[in-house]
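Trainee: Dropping the sequence and predicted coords here.
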Amino acid sequence: MFSAHLILIVSVIALIVCDSLAFGTSSRNAEMGNRLSRNYRESRSRPTLKSSEDDALETTPEDKKDDKEKIKPLTSNPFRLGVLRMGLTEPAWTSSFNYQKKEGDFSCAYCGQKMFNANSKYDSGSGWPSFWRSDTDGAVALYREWDGRVECKCSRCDSHLGHVFMDGPKPSDVDSQLFESIPASDPKGRTTSARLPRFCLNGAALKFNEKE
């Protein structure tokens, strides 16, 4: 586990160093880097498809990102930033959140916006921290990717969190009060008996705030 983390951290640092050497510090090259970054983010969203439960998920319209890009990050950890800003995926089973049983909420590691609560976290068997509902209406933005998957992002800072799939638990298997108060912005199945969403997230994209 430690070796996997170390390899990823070294890889992210290498990418940062290579970018610095390639683009330099001139204003022209800095603008080129900004354009590439914007093009990369825009290429990750696609129009909604309608061929299956996952394909029927409503996605978030592209919004202006000027204000989001000005948010000061709460972390300088290169591994976290690689996940949050470059869309990298941490290896399965490496996040301690997979095994955590404490009460509290999970916020975006980049900007601090509250995203999920421990009362909706469950063991999906996927190897990544999984939740069947978000905690706050409109906190999670959804974007269609080139391969058909639906990406989860923080709606405040546009940071990558993970993906959402419509293969979560059955409504009858979760707390009824929590089920009744699911945020309107969460993805819904085509029928009332359809499975709930599985927000499959990178632990590195989240910060846990333990309940006092």
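Mentor: Happy to help now that I have it.
Trainee: can you tell me the distance between the two ends of stretch 122-136?
Mentor: 18 Å (C-alpha to C-alpha, to the nearest Å).
Trainee: Please apply the same query to stretch 101-117.
Mentor: Taking C-alpha to C-alpha as the measure, stretch 101-117 stretches 11 Å from start to finish.
Trainee: List the buried residues for it?
Mentor: By neighbour count with 16 or more other C-beta atoms under 10 Å, stretch 101-117 contains the buried residues 105-113, 115-117. (Each C-beta comes from the backbone N, C-alpha and C, glycine too.)
Trainee: Export those to a markdown table and append columns for distance to Pro171 and pLDDT.
Mentor: As requested, those are exported to a markdown table (distance: C-beta to C-beta, whole Å; pLDDT from 0 to 100):
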| residue | distance to Pro171 | pLDDT |
| --- | --- | --- |
| Asp105 | 22 | 96 |
| Phe106 | 22 | 97 |
| Ser107 | 26 | 97 |
| Cys108 | 27 | 97 |
| Ala109 | 30 | 97 |
| Tyr110 | 32 | 97 |
| Cys111 | 31 | 96 |
| Gly112 | 31 | 96 |
| Gln113 | 27 | 96 |
| Met115 | 22 | 97 |
| Phe116 | 18 | 97 |
| Asn117 | 18 | 97 |
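Trainee: hey, where'd the helices end up in the chain?
Mentor: 2-23, 27-43, 78-86, 176-180 (DSSP state H).
Trainee: Below-threshold pLDDT in the chain: ranges please.
Mentor: Applying pLDDT under 70 to the chain picks out residues 1-69.
Trainee: again, 90 this time
Mentor: For the chain, residues meeting the criterion pLDDT under 90 lie at 1-72, 188-194, 211-212.
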